[in-house]
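Novice: Return atomic coordinates for the entry below.
(one chain, ligands or ions: 1)
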Amino acid sequence: MFFVRGALSRYNNYLIPKPNKFQIRMTSNITTFYDAALKYTKTAGELILEKISHSKNIELKSSEIDLVTETDQQVEKLLIQNLSKDFPDHKFIGEESVAGGSQCNLTDAPTWIIDPIDGTMNFVHTFPHSCISIALFIEKKPQVAIIYNPMLKQLFTALKGQGAYLNGKKIQVSKESDFKKALIMMEFGTSRDPEKMKVVLANQNVLINQVHGLRALGSAALDMAMVALGAAEAYFEFGIHIWDIAAGELIITEAGGVVMDPSGGPIDRFSRRVLAANCREIAEELSKKLVQYQPTPRD
Ligand code: IPD
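Specialist: Below is the predicted model:
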């Protein structure tokens, strides 16, 4: 357990045990990690803003709709180079580094999980819903999370135990628990594999008559940010990767929501499956209704 800024000021009233030296050191480290990540994320955001309205060099990855631009690569390089200069013992899992052959390996070591542009297809089309998604895991647990959409100046942040924020203002998940009144985020993903598409369309058909509405922003991280913000009740997807959901997980749980496997069990971050919701009732009802799918290979 790590004590964080807000908690430290409360131990004086004897309700919270006084943190030991290790915990105090960890607290100030977490703040240092967060401040550095925020600084580099903002610089990277400037780069995205500068590049979004220019023509892009685009390459294909796993399919004709799974794109990477040179800006994705530049942003990832900027973040990894700067963070590894500041914190030489930290490890990295970055979308474009993994695409280039790096290992997708989460150990107990402090590890930054980075999607340099989540919503690359949106970025290519200048559709203003793309973001940098960055999370720091320590001992395999999320401690720091940032989702930043530079086009709309939306900065979602969370530190473990300190709540979730949009542009510095505390956010909370929606209080709705009636499934019929839920707004649900879902995505078509970056593969048109016929088996997977059957499941995506079946789930759309099942859900559309049972909820207030379905939405897709084209960025898994921003979909999750909408759940944290209380603007949507749930999000699910089969086929995401760990870098799409790493920051969203902490931001949602810090905003009071739940993140799990779509089957209802605990999240398996390498399984490429996720279900997030404002509350357990909506999560469980959604889970029961979903046609399940297991993407391969695992991350
Ligand atoms: C993709 C987006 C998309 C989601 C895909 C992701 P990328 O990430 O988040 O909304 O449906 O599953 O892979 O490729 O733009 O970083």
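Novice: tell me what the helix ranked longest in the chain is packed against?
Specialist: Using DSSP state H, we find that the single longest helix of the chain is helix 21-52. Taking 3 or more C-beta pairs under 8 Å, 6 or more residues apart in numbering; DSSP states H and E as the contact definition, the neighbouring helices and strands of helix 21-52 are helix 5-8, helix 70-86, strand 111-118, strand 131-138, strand 141-149, strand 154-159. C-beta coordinates here come from the backbone N, C-alpha and C atoms, glycine included.
Novice: Once you drop chain neighbours, what's closest to Leu217?
Specialist: The shortest distance from Leu217 to any residue that is not its chain neighbour, by C-beta to C-beta, 6 or more residues apart in numbering, is 4.8 Å, and that residue is His129.
Novice: Three-state assignment for the one you found, please.
Specialist: Using DSSP: H, G, I helix; E, B strand; the rest coil, the structure places His129 in coil.
Novice: Would you agree it is in contact with Gly218?
Specialist: Yes: shown here, His129 and Gly218 form a contact pair, counting by C-beta atoms under 8 Å, at 5.7 Å.
Novice: what is in contact with those two at once?
Specialist: Between them, His129 and Gly218 share the neighbouring residues 119, 122, with contact defined by C-beta atoms under 8 Å, 6 or more residues apart in numbering.
Novice: who has more neighbours, these two?
Specialist: Shown here are His129 and Gly218; by other C-beta atoms under 10 Å, His129 has more neighbours (21 against 18).
Novice: The more buried one: what's it in contact with?
Specialist: Under the criterion of C-beta under 8 Å, 6+ apart, the neighbours of His129 are 119, 122, 149, 151-152, 217-219, 222.
Novice: Looking at the residues you listed, state which has the most neighbours.
Specialist: For those, neighbours were counted using other C-beta under 10 Å, and Ser219 has the most, 29 neighbours in all.
Novice: Leaving out chain neighbours, which residue sits closest to that residue?
Specialist: Leaving out its chain neighbours, the residue that sits closest to Ser219 by C-beta to C-beta, 6+ apart is Gly119, at 3.2 Å.
Novice: and what of Ala99?
Specialist: For Ala99, the spatially nearest residue (C-beta to C-beta, 6+ apart) is Lys61, at 5.6 Å.
Novice: Check Glu76 too.
Specialist: Glu76 sits nearest to Pro116 (C-beta to C-beta, 6+ apart), 3.9 Å away.
Novice: Would you check that the one you found makes contact with Glu95?
Specialist: Yes: applying C-beta under 8 Å, one finds Pro116 in contact with Glu95, separated by 6.5 Å.
Novice: intersection of neighbour lists for the two?
Specialist: With contacts defined as C-beta under 8 Å, 6+ apart, the residues adjacent to both Pro116 and Glu95 are 72, 76.
Novice: Which one of those two is surrounded by more residues?
Specialist: Comparing Pro116 with Glu95 by other C-beta under 10 Å, the one with more neighbours is Pro116, at 30 against 25.
Novice: quick one: contacts for that one?
Specialist: Remark: with contacts taken as C-beta under 8 Å, 6+ apart, Pro116 is in contact with 44, 71-76, 79, 94-96, 132.
Novice: ok, 7 Å please
Specialist: 72, 75-76, 79, 94-96, 132 (C-beta atoms under 7 Å, 6 or more residues apart in numbering).
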